[in-house]
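In: coords please:
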Amino acid sequence: MPTLVGGLAALIALAAGILFRVEPVASIQRSVLAFLLGWILTQIWYVFFTVRIGVATADSGEAHSEREEQRRAA
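Out: Okay, the predicted model is just below:
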């Protein structure tokens, strides 16, 4: 997914460079920068948001199953 987001950012930067008639070298540099920023920011998104959601879901599922076992035992 980070590669996809970075690739889309690079394509958008390249398209903008072509539309606004920017020098080819500057356009490629901007697209590389856009790719790196998109890739890094997607990785950061995964670290801060996706992992927490997964942990919260796993914890609530285990607690729920323990409650069911206690109800069945009683």
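In: could I have the helix or strand hosting Ala13 exported to PDB, CA atoms only?
Out: Element membership for Ala13 (DSSP states H and E) is helix 2-19. C-alpha atoms of helix 2-19 as PDB (Å, rounded to 0.1, in the frame of the first residue of the first chain):
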ATOM      1  CA  PRO A   2       2.800   2.500   0.700                       C
ATOM      2  CA  THR A   3       4.200   1.900  -2.700                       C
ATOM      3  CA  LEU A   4       0.800   2.500  -4.300                       C
ATOM      4  CA  VAL A   5       0.300   5.800  -2.400                       C
ATOM      5  CA  GLY A   6       3.800   6.900  -3.300                       C
ATOM      6  CA  GLY A   7       3.400   6.000  -6.900                       C
ATOM      7  CA  LEU A   8       0.200   7.900  -7.200                       C
ATOM      8  CA  ALA A   9       1.800  10.900  -5.600                       C
ATOM      9  CA  ALA A  10       4.700  10.700  -8.100                       C
ATOM     10  CA  LEU A  11       2.300  10.400 -11.000                       C
ATOM     11  CA  ILE A  12       0.400  13.400  -9.900                       C
ATOM     12  CA  ALA A  13       3.700  15.400  -9.500                       C
ATOM     13  CA  LEU A  14       4.800  14.300 -13.000                       C
ATOM     14  CA  ALA A  15       1.400  15.300 -14.500                       C
ATOM     15  CA  ALA A  16       1.500  18.700 -12.700                       C
ATOM     16  CA  GLY A  17       5.100  19.200 -14.000                       C
ATOM     17  CA  ILE A  18       3.900  18.500 -17.600                       C
ATOM     18  CA  LEU A  19       0.900  20.700 -17.400                       C
END
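In: got the buried residues for that helix?
Out: By neighbour count on 16 or more other CB atoms under 10 Å, the buried set for helix 2-19 is Pro2, Val5, Gly6, Ala9, Ala10, Ala13, Leu14, Gly17. Placement of C-beta: from N, CA and C, glycine included.
In: show the contacting residues for the first one.
Out: Counting by CB atoms under 8 Å, 6 or more residues apart in numbering, Pro2 makes contact with Gly38, Trp39, Ile40, Thr42, Gln43, Tyr46.
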